[in-house]
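S.K.: starting from these lines, generate the structure:
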Amino acid sequence: MSLEVRIRHDFPGFRLDVEFEVPQGITVLFGRSGSGKTSVINAVAGLFRPDEARIRAGERVLCDTARGLWLPPHRRRLGYVFQEARLFPHLTVRQNLAYGRWFAPRGARGADRAQVVEMLGIGPLLDRRPGALSGGEKARVAIGRALLAAPELILADEPLASLDEARKAEILPYFERLRDESPVPILYVSHSAAEVARLATSVVGLEDGRVTGQGPVAEVLGDPASHPLGVRAAGAVIAARVVRHDADGLSELEAGGVPLVVPRVAAPPGAELRLRIAAQDVIVATARPEGLSAMNLLPGRIEALHPGEGPGMMVQIATPAGRVLARITRRSAERLGLAVGMECHAVLKTVAVAREDVGGAGGESL
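M.R.: You can find the predicted model right below:
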């Protein structure tokens, strides 16, 4: 099911003017705080009425101000996962899940409760109350409650923002399963490049109330000219396959025929992964280097050079593993004589790929 969104609204000192259409999967609204992400998701939910809007989910038009059509929130068939879980403290997990089912339209074919409980790993929690749950457990229950309301679309407004890094690491795999196993599309708000790289099927970048770019995750995050968080946050997202795990705590991967070594990943041999490689972690070499501690060498060709406003420059490199970005100084680029079309090597330290930058490769092609 695709989602079509067109919204125009004037806030005091801020104009929201966005238009995008996205496919099934997890679509991430990505940008800095104040870029308009939550306003967009609240308009889709029917929590505020824009000056002008047309929002269509599949074949159902949720609002069309030109025709005077405005479905109230309870008729939009949406599940909303907020930053805080918002569970009923006096109800058990089982009863909170049943509350979501209570809102499903009569005759609607919602998710099977046993399947949702298994997918989210909340079976042992069913008889507990929210006060006895961790932040990650509460988040999983909130997702389950949204799924059991038989929604046609799930909205998630920075659902991991209130969690610490350990709890984020706990919940991210469940969102990956939701992306890969649930037929319900998700509109997900985030300002974390690591979250976007791991979860997104497609990305809509927002800045100052406008769309800066949209498309597959590797395309949007790998475009330094229109990256929603600016050039400093740009980086590559590449697909890789686990080859084996070694006794020294490292995992050997293969990406486009290129071997890569990273800290041990929690995936079996043969598993498909996504890797986020930050541009500042990549070194450019004009010849194959020798005598380096860095073990990852990606041969490639320079596609583009993007000078920054300061002393920096972004080098865009096409490699067999996919597009890789390197953030270096202009002085280094001049000293090396870098030019479009030149063959080179992108060098990546093994420890530069952090655990939060590795995720399952499900969803649409990168």
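
S.K.: measure the closest residue to Val28 other than its chain neighbours to Thr27 for me?
M.R.: Residue nearest to Val28 in three dimensions, not counting chain neighbours: Ala200, with 4.3 Å by CB to CB, 6 or more residues apart in numbering. C-beta: built from backbone N, CA, C; applies to glycine. When distance is defined by CB to CB, to the nearest Å, Ala200 is 7 Å away from Thr27.

S.K.: before we move on, the earlier item: and for the residue nearest to Val28, the neighbour number?
M.R.: As a burial measure, Ala200 scores 29 neighbours (other CB atoms under 10 Å).

S.K.: same question for Gly291.
M.R.: Using other CB under 10 Å, the number of residues around Gly291 comes to 4.

S.K.: how much space separates it from Lys349?
M.R.: Taking CB to CB, one finds Gly291 at 15 Å from Lys349.

S.K.: next: Ala43.
M.R.: From Ala43 across to Lys349, the span is 43 Å (CB to CB).

S.K.: partners of the strand or helix carrying Val347, with directions?
M.R.: Using DSSP states H and E, Val347 maps to strand 343-348. Strand pairing for strand 343-348, using DSSP bridges, gives strand 282-285 (antiparallel), strand 296-307 (antiparallel).

S.K.: pick the most buried one from those strands.
M.R.: Mean neighbours per residue, mean count of other CB atoms under 10 Å, is largest over those for strand 282-285, with a mean of 20.

S.K.: and it, how far out from the chain's middle?
M.R.: How far strand 282-285 lies from its chain's middle: 26 Å, per CA atoms, centre = their mean, to the nearest Å.

S.K.: mean confidence score for it?
M.R.: For strand 282-285, the mean pLDDT works out to 96.

S.K.: and what of stretch 319-334?
M.R.: Mean predicted lDDT for stretch 319-334 stands at 94.

S.K.: what's the end-to-end length of it?
M.R.: For stretch 319-334, the first and last residues are 22 Å from each other (CA to CA, to the nearest Å).

S.K.: pull out the buried positions in that stretch.
M.R.: Neighbour counts over stretch 319-334 (16 or more other CB atoms under 10 Å) mark 319, 321-328, 332-333 as buried.

S.K.: again, but for stretch 237-253
M.R.: Applying a neighbour-count criterion of 16+ other CB under 10 Å, one finds 237-242, 245, 250-251, 253 buried in stretch 237-253.

S.K.: Serialize the residues you listed to CSV and add fields for pLDDT, secondary structure and distance to Val211.
M.R.: Listed next are those as CSV, based on pLDDT from 0 to 100; DSSP: H, G, I helix; E, B strand; the rest coil; distance: CB to CB, whole Å:
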residue, pLDDT, secondary structure, distance to Val211
Val237, 91, strand, 20
Ile238, 92, strand, 25
Ala239, 92, strand, 26
Ala240, 94, strand, 30
Arg241, 95, strand, 33
Val242, 96, strand, 35
His245, 96, strand, 41
Leu250, 94, strand, 40
Ser251, 95, strand, 37
Leu253, 96, strand, 34
